[in-house]
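Participant: Give me coordinates for this.
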Amino acid sequence: MDSEEKISLTIRCPLSVIHYFMVYKRILLKLSGEVLMGEQNYGIDTNVAEAIGREIKAVHALGVEIAVVIGGGNIFRGVSKSAGNMDRASADYIGMLATVMNAVVLQDALEKLDVFTRVMSAIDIPQLAEPFIRRRAIRHLEKKRVVIFAAGTGNPFFTTDSAASLRALEIKADIILKGTKVDGIYSADPMLVPDATRFTQISYQEVLEKQLKVMDASSISLCMDNNLPIMVFNMREDGNIVRAVQGDLSIGTMVTVGGKTQTAK
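Facilitator: This next block holds a predicted model:
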């Protein structure tokens, strides 16, 4: 990390966090495809992709090994109205291809920032991406390359949330960081219910019981069974990925097996 990057990072992170030792060595960052839309209603804003790339670069510069799973909802979603009366499996495969498009966009943004990046796809598309091979993915991470996992699990009827949980366990990630539009998990949709309560800590079991729509039930159950923590935070605030990696619990909600439910004051 050069001196300019250190100054930039210092400005963007609170002093209470700067002196922390790195809490997580290897992370899986889960992004929705919608984050790439920016202020548009559809598609990809390359300026937003560049901004996300800078955030990832700041974390990468700290020596953290980073894998990314990105959705495809900005282009096509298998269960959306745009799928119409299509067969669900066919619609899901189209959604997987949308995630490949987003992965290549993010790869391009990162490599323009001089961050070595590999896209690994669950669907064989050799002209665009490497096939997903677990050991090769881990080796890329060990060589400090950012790895973007595309095409979900490669199977219909599974979301990219499930892909994030699966890939995180396969690469032995320390945590899943889920970047969203809001600063954590709420008792109800804060966009619709202004007085919804924000949780700072909660257990997997309560997420399932309350049917909180942070990730789908199968992905939450997979994390719970394997004791893999999830942190949900606001992706739109600069420096939040760095703060999450450094263990700043004030920026979102932590989901763990034995997490005692706590709400924000």
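
Participant: Kindly indicate whether residue 120 is helix, strand or coil.
Facilitator: At residue 120 the chain is in strand, as set by DSSP: H, G, I helix; E, B strand; the rest coil.

Participant: Show me the residue at the heart of this structure, geometrically.
Facilitator: The residue lying closest to the centre of the chain (Cα atoms, centre = their mean) is residue 30, at 1.3 Å.

Participant: Which positions within stretch 182-194 qualify as buried?
Facilitator: 182-186, 190 (16 or more other Cβ atoms under 10 Å). C-beta: built from backbone N, CA, C; applies to glycine.

Participant: any chance of the residues you listed in CSV, with distance to residue 127 too?
Facilitator: Shown next, in CSV, are these (distance: Cβ to Cβ, whole Å):
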residue, distance to residue 127
182, 37
183, 39
184, 40
185, 39
186, 42
190, 42
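
Participant: Filter those residues down to just the ones in strands.
Facilitator: With DSSP state E as the criterion, strands contain 185-186 from among those.

Participant: average pLDDT for the lengthiest helix in the chain?
Facilitator: Identified as the longest helix of the chain according to DSSP state H is helix 88-112. Here helix 88-112 scores 95 as its mean pLDDT.

Participant: For residue 173, give me its contacts.
Facilitator: Contacts for residue 173 (Cβ atoms under 8 Å, 6 or more residues apart in numbering) come out as 26-28, 67, 167, 228.

Participant: Quick check: what element follows the lowest-mean-pLDDT helix or strand in the chain along the chain?
Facilitator: Lowest on mean pLDDT, DSSP states H and E among the helices and strands of the chain sits helix 15-18, with a mean of 38. Downstream of helix 15-18, the next assigned helix or strand under DSSP states H and E is strand 26-31.

Participant: Name the strands paired with that next one and say parallel or antiparallel.
Facilitator: Strands adjacent to strand 26-31 in the sheet, as given by DSSP bridges, are strand 65-70 (parallel), strand 175-180 (parallel).

Participant: where's the residue lying closest to residue 182 once chain neighbours are set aside relative to residue 111, distance?
Facilitator: Spatially, and ignoring its direct neighbours in sequence, residue 182 is nearest to residue 190 (5.6 Å; Cβ to Cβ, 6 or more residues apart in numbering). Separation of residue 190 from residue 111 (Cβ to Cβ, to the nearest Å): 36 Å.

Participant: looking at the strands paired with strand 26-31, which is closest to residue 122?
Facilitator: Evaluated with Cβ to Cβ, the strands paired with strand 26-31 place strand 65-70 nearest to residue 122, the distance being 10.5 Å.

Participant: So what touches that closest one?
Facilitator: The contact list for strand 65-70 (Cβ under 8 Å, 6+ apart) reads 25-33, 36, 56, 59-60, 99, 102-103, 106, 137, 141-142, 144, 146-150, 160, 163-164, 167-168, 171, 173.

Participant: how about residue 139, secondary structure?
Facilitator: At residue 139 the chain is in helix, as set by three-state DSSP.

Participant: Could you measure from it over to residue 237?
Facilitator: Distance from residue 139 to residue 237, by Cβ to Cβ: 33 Å.

Participant: So which residues of the stretch 151-265 of the chain form helices?
Facilitator: 160-170, 204-209, 217-225, 240-245 (DSSP state H, counting those that start in this stretch).

Participant: Sort out which residues of the second one are buried, please.
Facilitator: Yep, that's helix 204-209 we're talking about. Buried residues in helix 204-209, counted by 16+ other Cβ under 10 Å: 204, 207.

Participant: Which residues does that helix contact?
Facilitator: With contact meaning Cβ under 8 Å, 6+ apart, helix 204-209 is reached by 185, 212, 214, 217, 220-221, 223-224, 255-257, 259, 261.

Participant: All set now, cheers.
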